[in-house]
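A.B. asks: could you work out the structure for the sequence below:
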Amino acid sequence: MRANPDPARHERWVICLCAQWCGACREWRDLFAQAAATHPDLRFGWVDVEDEAAAMGDVDIESFPTLLVADGRRPLFFGPIQPSGPQLSRLLANLLQDGAVASGVTAETSALLIRLAPVLLTS
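C.D. replies: Alright, predicted model coming up:
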């Protein structure tokens with residue numbers, strides 16, 4: 001999966017926040033990689049929240065997998081997603097339209113996106 005080191009650039013990001021111990025995350029990883037292959041215009045990243053606890057800060061992930069979708073530094077979506085390729089495709093199609101309304105996004109989501117940039121560079 002490609003990652004862009006600078007979220008300030010006008011890149012569209014799809015970041016999965018998971019944990020290695022999570023069975024749903026392990027099953028979801030291949031589907032997530034397939035989605036990355038079918039969306040070469042987007043930057044996909046996989047973050048194990050336990051391995052990257054410092055970058056996660058005080059953000060608490062309540063359900064896995066959780067997705068963070070952003071347009072540059074502007075988060076568009078932050079929340080859990082069913083591990084389903086078609087559901088991810090529909091979500092991305094809706095979020096990446098002009099005028100899409102952000103969902104589940106807080107000020108902390110923007111800060112999280114910035115903290116994750118170095119992590120994504122090395123993944």
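
A.B. asks: just to be sure, residue 116 is in a strand?
C.D. replies: No: assessed with DSSP: H, G, I helix; E, B strand; the rest coil, residue 116 is helix; it does not lie in a strand.

A.B. asks: that one contacts residue 47, doesn't it?
C.D. replies: Yes: contact status for residue 116 versus residue 47: in contact at 6.2 Å, counting by CB atoms under 8 Å. In this view, the C-beta of every residue, glycine as well, is placed from N, C-alpha and C.

A.B. asks: okay, these two: which has more neighbours?
C.D. replies: residue 116 (25 against 22; other CB atoms under 10 Å).

A.B. asks: got a pLDDT number for the more buried one?
C.D. replies: Residue 116 carries a pLDDT score of 93 in this model.

A.B. asks: just residue 1 next, same as before
C.D. replies: 47.

A.B. asks: for the one 4 residues further on, same thing?
C.D. replies: Among the per-residue scores, residue 5 shows a pLDDT of 47.

A.B. asks: quick one, phi psi at the spatially most central residue of the chain?
C.D. replies: The chain has residue 15 as the residue nearest its centroid, 1.8 Å off, counting by CA atoms, centre = their mean. Main-chain dihedrals, residue 15, degrees, to the nearest 10: phi -120, psi 120.

A.B. asks: hang on, it packs against residue 66?
C.D. replies: No: counting by CB under 8 Å, residue 15 stays clear of residue 66, with 9.1 Å between them.

A.B. asks: first-to-last residue distance for stretch 34-52?
C.D. replies: Distance across stretch 34-52, first residue to last, is 24 Å (CA to CA, to the nearest Å).

A.B. asks: where in this structure is pLDDT low?
C.D. replies: Across the chain, the ranges flagged by pLDDT under 70 are 1-10, 121-123.
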